[in-house]
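Engineer: Generate coordinates for the sequence data below:
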Amino acid sequence: MTETAPVGRVLGTEDSTPLSFWVGVSEGQYAQLDDVLTTLRTVPGVGQVETSGVVTAVRSRHEGAQFDSDVFDIASGLLPAQIQEAAEVTVTRVEPEVFVPPQPGQPVHRAEGADRERALFFDGMTRKIPLGFSRDGLPVVLNPDFLDGTRGAHVSISGVSGVATKTSFATWLLYSMLNSQALGGEAKNTKALIFNVKGEDLLLLDHPNSRTDETIDDHYHRLGLSPGAFASVSVLAPPRPGDVNGTPDVACRSTGVAPFYWTLDQFCHQKLLPFVFADADDDRQQYTMVVHQVAAQLEKTAQAKGNGSIVIDGQHLTTYDGLVQYICDRLSDEDDRTQWAGSAVGLGTVNAFIRRLVASERDVGRLVRGDLAPQADSFTTDAQVTVVDLHNLPDRAQRFVVGVILRSEFDRKEKAGSARPLQFIVLDELNKYAPREGSSPIKELLLDIAERGRSLGVILIGAQQTASEVERRIVANSAIKVVGRLDAAEAGRPEYGFLSQAQRQRVLMAKPGTMFVAQPELPVPLVVNFPFPTWATRPSEAGPPPKSAASSVTAHHDPFALSDHDDDIPF
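Structural biologist: Reported below is the predicted structural model:
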């Protein structure tokens, strides 16, 4: 127990329980939200029991006042009264585990050093991932056992768009994990796949942030990290519309970037057609039977013809539009319709499928090609971090890309048969890809990752504006829950039951860079301020990349590779 002056004493006018108690704050002292306090009690036959916890409520009032108007007379000295502050402490740890209430009148100290480590269970963590700083300016850490699959996995990050800095926290968590000692020798083989859906903010992670200064660098050093950019990054982007060479549609960089696409041969033989109909509303329609029947027929009849093109029934197809037209012709022909759509499918259902398939030509046409050489099936590059840029694609194309890549990477890990090396997947707008209602191929994949990914070393870091609109099992399987600023209606949802009542009110005013982090060992979420990123979060912040980093980047296996964001986060 620390020898500093006590903050106050356990109140006797409020119930004291083994799970919470109130502290009367001494004159000249203070207690603020999130402070860590500790007190001792001597128990017969046991000895001293240390009860520690986090301040979750603070109040101040006049003792001796009876009416509201008394405040004016007290302030002018006409009525005697005393200002008294009190703090509610929610217990986080009892050592040894003898659950007795702290006794009124016992001194309460601010937990420091080893006392704080014990109170927050940091002392039992053999490995630690720096998360940021608490309100008292001391480091807060995360137990990687609940992130890397040892005892749990997956992260759920919630908050309103543009204010909660969800993506910034996700990239900060990756940076902290990859650059700390938490993963040991595994870190260099660990891979991260990030889907970029907003602008080009995540395409420059390997460029240092030109807005950093010595104060920001000091924050990293205090957390045991070296400030800087991500050391090894490659970017995959869709081909530019109408470009026959497959040039990546990226404006902010010219190195370490390659196009991604699928050949007609891959589209048919890997049965990718269902991902063209990946909206949750699609799966509630009867034409999904046609989708799977057509996909099976394409796999059966398509023959590779070189350079990604295919031949079906003697017809040489080199474009996605040509494939769509061929399918429509087969479904419009009475003799072929049964074979391609199934015998129990009505004409109205077939026409509904045709309308949606034709509508996909504009969205998916530049991603499914018959004029370019095939790419490798794996989307994990030699770089440690791979960013898949989706921001230039329409919604249907984004769903197609996310679904196909997730399936490819999950299948790859299943075939590997080992959880190591780890594969992290960062996906924003999770409520779009795995909504609470309905079903879709992407949602089923994300459910599989949430439920089985831990054993395969596939870790999902999902971000969404509203956790209440995400499939329950995905949120429930996330061992780490993070909340930034929320609106009032969302904060009242049961998905945020892990927050205390006071914290539900506080998230309504949380500033960018402030997150509430819940991890399984702690019964109370910790409020964390994570440091300003030292990598570029938008093109205007990007400095030149270090030469060593630029030369180490290897683009996705592709013959056409080129020559070789979020809001500000005040600490």
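
Engineer: Work out the gap between stretch 215-224 and the centre of the chain.
Structural biologist: With C-alpha atoms, centre = their mean, to the nearest Å as the basis, stretch 215-224 stands 23 Å off its chain's centre.

Engineer: do the same with stretch 397-404
Structural biologist: 18 Å.

Engineer: Ends of stretch 505-516, what's the gap?
Structural biologist: 12 Å (C-alpha to C-alpha, to the nearest Å).

Engineer: buried ones in that stretch?
Structural biologist: Arg506, Val507, Ala510, Pro512, Gly513, Thr514, Met515, Phe516 (16 or more other C-beta atoms under 10 Å). Using the backbone N, CA and C atoms, a C-beta is placed for each residue, glycine as well.

Engineer: Check stretch 354-363 too.
Structural biologist: Neighbour-count burial for stretch 354-363 [16+ other C-beta under 10 Å]: Ile354, Arg356, Leu357, Ser360, Glu361, Asp363.

Engineer: So which of those sit within helices?
Structural biologist: Members of the buried residues of stretch 354-363 lying in helices (criterion: DSSP state H): Ile354, Arg356, Leu357, Ser360, Glu361, Asp363.

Engineer: Let me know the closest of these to Pro96.
Structural biologist: Asp363 (62.0 Å; C-beta to C-beta).

Engineer: Can you give me the separation between that closest one and Asp279?
Structural biologist: 12 Å (C-beta to C-beta, to the nearest Å).

Engineer: which residues do these two both contact?
Structural biologist: Contact criterion C-beta atoms under 8 Å, 6 or more residues apart in numbering; residues shared by Asp363 and Asp279: Arg396.

Engineer: just the ones in helices among the buried residues of stretch 354-363 now: which is nearest Thr150?
Structural biologist: Asp363 (40.8 Å).

Engineer: ok, that closest one - contacts?
Structural biologist: Leu393, Pro394, Asp395, Arg396, Ala397, Phe400.

Engineer: ditto for Val404
Structural biologist: Val404 neighbours (C-beta under 8 Å, 6+ apart): Trp262, Gln270, Leu272, Phe275.

Engineer: Show me those residues that map onto strands.
Structural biologist: Trp262 (DSSP state E).

Engineer: what's the spacing between the longest strand along the chain and its chain's center?
Structural biologist: Longest strand in the chain by number of residues (criterion: DSSP E): strand 47-63. Relative to its parent chain, strand 47-63 has a centroid offset of 33 Å by C-alpha atoms, centre = their mean.

Engineer: circling back: compile the buried residues of stretch 354-363 into a markdown table and extend it with columns for distance to Trp535 and pLDDT.
Structural biologist: As requested, the buried residues of stretch 354-363 are exported to a markdown table (distance: C-beta to C-beta, whole Å; pLDDT from 0 to 100):
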| residue | distance to Trp535 | pLDDT |
| --- | --- | --- |
| Ile354 | 47 | 89 |
| Arg356 | 40 | 90 |
| Leu357 | 41 | 90 |
| Ser360 | 36 | 90 |
| Glu361 | 38 | 90 |
| Asp363 | 31 | 90 |
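
Engineer: Need the phi and psi values for Ser180.
Structural biologist: For Ser180, the backbone dihedrals (degrees, to the nearest 10) come out as phi -90, psi -170.

Engineer: Isn't it up against Ile129?
Structural biologist: Yes: counting by C-beta atoms under 8 Å, Ile129 is a contact partner of Ser180 at 5.8 Å.

Engineer: Contacts only, for the residue lying farthest from the centre of the chain.
Structural biologist: For the chain, the residue at maximal distance from the C-alpha centroid (C-alpha atoms, centre = their mean) is Leu78, at 57.4 Å. By C-beta under 8 Å, 6+ apart, no residues touch Leu78.

Engineer: give me the element it is part of.
Structural biologist: Applying DSSP states H and E as the criterion places Leu78 outside every helix and strand.

Engineer: Give me the local confidence score for it.
Structural biologist: At Leu78, the pLDDT value in this model is 89.

Engineer: any idea how far Val71 is from it?
Structural biologist: From Leu78 to Val71 the distance is 11 Å (C-beta to C-beta).

Engineer: Likewise for Thr167?
Structural biologist: 47 Å.

Engineer: With neighbour numbers in mind, choose between the two.
Structural biologist: Neighbour count, other C-beta atoms under 10 Å: between Thr167 and Val71, Thr167 has more, with 23 against 14.

Engineer: Going by secondary structure, the more buried one is in what exactly?
Structural biologist: helix 166-179.

Engineer: What is that helix packed up against?
Structural biologist: Helices and strands touching helix 166-179, as assessed by 3 or more C-beta pairs under 8 Å, 6 or more residues apart in numbering; DSSP states H and E, comprise strand 129-133, strand 155-158, strand 191-196, strand 423-427, strand 458-464.

Engineer: what's the second one packed up against?
Structural biologist: This means strand 155-158. Against strand 155-158 (3+ C-beta pairs under 8 Å, 6+ apart) you get helix 166-179, strand 458-464, strand 480-483.

Engineer: and if you look at the fourth one?
Structural biologist: When contacts are defined as 3+ C-beta pairs under 8 Å, 6+ apart, strand 423-427 sits against helix 166-179, strand 191-196, helix 395-416, strand 458-464.
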